[in-house]
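**Student:** Need coordinates for the following:
(chains A and B)
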Amino acid sequence: MAAEAAPIDVPGAVGGSAMQRARGVLVTLIAIIAGLVVGGVALAAAGAPPLAAYGELVRGAFGSSFGVYQSLEQAVPLAIIGVGLCVPFRAGIWNIGAEGQFYVGALCGGLVAIYLPIDQPAILIPLTFLAAMAGGGAWAYAAGWLRAHRGVNEIVSTLMMNYIALFILLYLVRIPFRDPDNLIIQSKVVPPAARLNDIPGTFVHGGILVAVFLTILIAWLLARTPFGFHVGVMGLNPEAAEAAGVDTKRMIKRVMAISGSLAGLAGIVQVEAVQLVVNGAISRQFGFTAIVVALLGRRSPVGAFLAACFLGAIAVGGVSVQQVYQIPTAILLTIQALFVFLLLAAERLVRR
Amino acid sequence: MDWSAVFGAGAIIPWLNAGIRLAMPTACAAAGETFAERAGVLNLGLEGMMLGGALASFLVSLDTGSTWIGFLAAPVVGALMALAMGLFTVKLKAEQVVTGITLVLLASSFTSFLYQELFEIQAAPPRIDRLPVVAIPILRDIPVVGPILFTQNVLVYVTVALIVLVWFLLFRTRFGLEARAVGESPVAADSNGVSVDRVRMLALMISGAMAGVGGGVLVIAQLGFYQDQVTAGRGWIAIALVYFSRWNPIWALGGALLFGVVDALQLRIQAAGGGFHNPIPFEVFQALPYLVTLGVLILAAKRQRRVGQPAALGIPYEKEAHA
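**Tutor:** Modelled structure (predicted):
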């Protein structure tokens, strides 16, 4: 892909020269620093000394090997979803339904894990992964189909489907698949054969390997295959892509299905490694934070992975900040969204 | 369950009356969004601006003790948020979709933060006085129609008036003509001396103010309290209504009424069914507004595609590019 074909204002649009990449990284760093400054003002307003609070944040996230492991575990769902979202976002298709696709994946995979009588992890876990990817992928594919064949705006449809997915999940774990022996409304506990244990010698679960593998896979897919090339062309100019023989309808369905299946996979990974049950509280806005992750990573899989680690560290460090200074955790989400805003501004201002 | 409480003759009038009230927040936001989109700006920050308006009206009402002053804070905050969005999309020409989605994420987390910071310690969130129901003399005595249409919360009348005002501004004034020209062909409008950026900025702020009012109406006329993420997707439903209504504020009001009536119905069925042991799971009713939105969106798209869609919708206008 010729570098000059990419308009500079599309974050991480397509490939680009080393110079452009360096510029992109610089702009991102400027935005993050500016975000930390603005966030510091918000912290001060909430009654915490900003520098000390940031010091506490860094100490909480990186001060111990346990903190680092925790940060990585926080990053896993964000990375898996965010890397997947790079695909439609580059194609100019706005899947903001990852939250719902995450629920559907957790549900499909979770039911397979709980009710399939297999006690071999090597067989059961891949099956749960497949079920979750099929579920999340189908949920997103439906929105892609509606967009491609009926012209239904995918932003609104995927958002509505988030709510619908949540209510389906809440019903299923309340009545048909509820654990009758538990007062809390939730599914039965995932059997040991379907649990993702810690990597030997560490305290971080196997999901991190899934995240790393997918980052490499999607980066390869986007940079080195005809499919990835078509995604980039579509994002720059859908009419031109159509004229050049790209089947854009098929592409819309594919990019949606890919991102949906990854969001679904993130759902089952979270269930099998962290939650161990399916209920309405398995996602802490992962599907929405992952949008920030993909955008902050400039729609490149490696960038998204790094952004996920960054936001994961903020989440873990933020817990200690919250404990020390009694600050609501929502301030962290606010600062994360600010990063993207400042990135948008920095990109446009640098260009002038 | 007692179905006569839902469908009995005596239940129809209160149901439709509630339907109208429940329609207003979405209708208001949809009318404003129509104006922005007609001027070529896709305001996806609507949900965030509704949240901002809702929280602002609640906090100002609590602080001043006057619900009316609180209500006035809603459009101000909504318009200011739109101004911020405009700085990115209109002035800096950033992508409208990304900016809008980011604004919603920012607003939903920031309102959560403020709400947690201010009220989380308290067991029950404070309530504000809802504005009164006003029955319009003479009209209220018309059988059936009177109790449904003319015995409403005072803000319902205000909202309808604002929506008609938006329609008037869009189709009957010079500014509206300029806005529509800018949305159809910014190049042509520009060469005729219309400042594209100025018109788009104002259109965006109108949509922000209307979204803010929608949030305010939700808190002040319907609930009387605020809760985290109180708008629950109404801003997105409003955006769906704009497509459904073919970019006409009055039709958006009509579409919103349909939603209000469905919403009122599901609340009534839930209440009559007594919750947990209903033969039909209550999640079905909770999901109903979102299912109906999806259905309406599909139906609206199935009809002639893109009729009425402003040609330059969502495309940033850069003067140099056309010079």
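**Student:** Alpha carbons of the helix or strand containing residue B:100, in PDB - could you do that?
**Tutor:** Element membership of residue B:100 [criterion: DSSP states H and E] is helix B:96-119. Provided in PDB are the C-alpha atoms of helix B:96-119 (Å, rounded to 0.1, in the frame of the first residue of the first chain):
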ATOM      1  CA  GLN B  96     -17.600  13.000  13.200                       C
ATOM      2  CA  VAL B  97     -18.300   9.400  14.100                       C
ATOM      3  CA  VAL B  98     -15.200   9.000  16.200                       C
ATOM      4  CA  THR B  99     -15.700  12.300  18.000                       C
ATOM      5  CA  GLY B 100     -19.400  11.500  18.700                       C
ATOM      6  CA  ILE B 101     -18.700   8.100  20.100                       C
ATOM      7  CA  THR B 102     -15.800   9.400  22.200                       C
ATOM      8  CA  LEU B 103     -18.100  12.200  23.600                       C
ATOM      9  CA  VAL B 104     -20.600   9.600  24.700                       C
ATOM     10  CA  LEU B 105     -17.900   7.600  26.500                       C
ATOM     11  CA  LEU B 106     -16.600  10.700  28.100                       C
ATOM     12  CA  ALA B 107     -20.000  12.000  29.200                       C
ATOM     13  CA  SER B 108     -21.100   8.600  30.500                       C
ATOM     14  CA  SER B 109     -18.000   8.200  32.600                       C
ATOM     15  CA  PHE B 110     -17.800  11.800  33.800                       C
ATOM     16  CA  THR B 111     -21.500  11.800  34.900                       C
ATOM     17  CA  SER B 112     -20.900   8.500  36.700                       C
ATOM     18  CA  PHE B 113     -17.900  10.100  38.400                       C
ATOM     19  CA  LEU B 114     -19.800  13.200  39.500                       C
ATOM     20  CA  TYR B 115     -22.700  11.200  40.700                       C
ATOM     21  CA  GLN B 116     -20.600   8.800  42.700                       C
ATOM     22  CA  GLU B 117     -18.600  11.600  44.100                       C
ATOM     23  CA  LEU B 118     -21.700  13.500  45.200                       C
ATOM     24  CA  PHE B 119     -24.200  10.900  46.200                       C
END
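**Student:** Can you list the helices and strands that it packs against?
**Tutor:** Packed against helix B:96-119, as judged by 3 or more C-beta pairs under 8 Å, 6 or more residues apart in numbering or on different chains; DSSP states H and E, are the following elements: helix A:286-296, helix A:330-351, helix B:46-64, helix B:67-86. Placement of C-beta: from N, CA and C, glycine included.
**Student:** What ranges in chain A fall below the confidence cut-off?
**Tutor:** Using pLDDT under 70 as the threshold, the predicted model of chain A has low-confidence ranges A:1-16, A:351-352.
**Student:** Which stretches in it count as helices?
**Tutor:** Under the criterion DSSP state H, helices of chain A are mapped to A:18-45, A:50-62, A:65-90, A:98-115, A:121-150, A:154-174, A:207-224, A:226-236, A:238-243, A:248-270, A:286-296, A:301-325, A:330-351.
**Student:** who touches stretch A:221-230?
**Tutor:** With C-beta atoms under 8 Å, 6 or more residues apart in numbering or on different chains as the test, stretch A:221-230 has contacts from A:1, A:15, A:86-87, A:90, A:231-232, A:241, A:246, A:251, A:254, A:300-301.
**Student:** which of the residues you listed has the most neighbours?
**Tutor:** Top of the contacts of stretch A:221-230 by neighbour number is residue A:86, holding 32 neighbours under the definition other C-beta atoms under 10 Å in any protein chain shown.
**Student:** Contact partners for it?
**Tutor:** If you count contacts by C-beta under 8 Å, 6+ apart, residue A:86 has them with A:218, A:222, A:294, A:297, A:299-301, A:304.
**Student:** mind running it again at 7 Å?
**Tutor:** A:218, A:294, A:299-301, A:304 (C-beta atoms under 7 Å, 6 or more residues apart in numbering or on different chains).
**Student:** To what extent is residue 198 buried, counted in neighbours?
**Tutor:** As the question left the chain open, I've gone with chain A. Neighbour count for residue A:198, taken as other C-beta under 10 Å: 14.
**Student:** that answer is for a different chain, and I need it for chain B
**Tutor:** 12.
**Student:** Next, the buried residues of the strand or helix carrying it.
**Tutor:** Per DSSP H and E, residue B:198 falls inside helix B:196-217. Judged by neighbour count using 16 or more other C-beta atoms under 10 Å in any protein chain shown, the buried positions of helix B:196-217 are B:196-197, B:199-217.
**Student:** and if you look at stretch B:127-140?
**Tutor:** In stretch B:127-140, the ones that count as buried by 16+ other C-beta under 10 Å are B:128, B:130-131.
**Student:** next one: stretch A:21-30
**Tutor:** If you call a residue buried by 16+ other C-beta under 10 Å, then stretch A:21-30 has these buried ones: A:21, A:23-24, A:27-28, A:30.
**Student:** Residue B:152: what secondary structure?
**Tutor:** Of the three states, residue B:152 takes strand according to DSSP: H, G, I helix; E, B strand; the rest coil.
**Student:** beta partners for it?
**Tutor:** Counting by DSSP bridges, residue B:152 is bridged to residue B:134.
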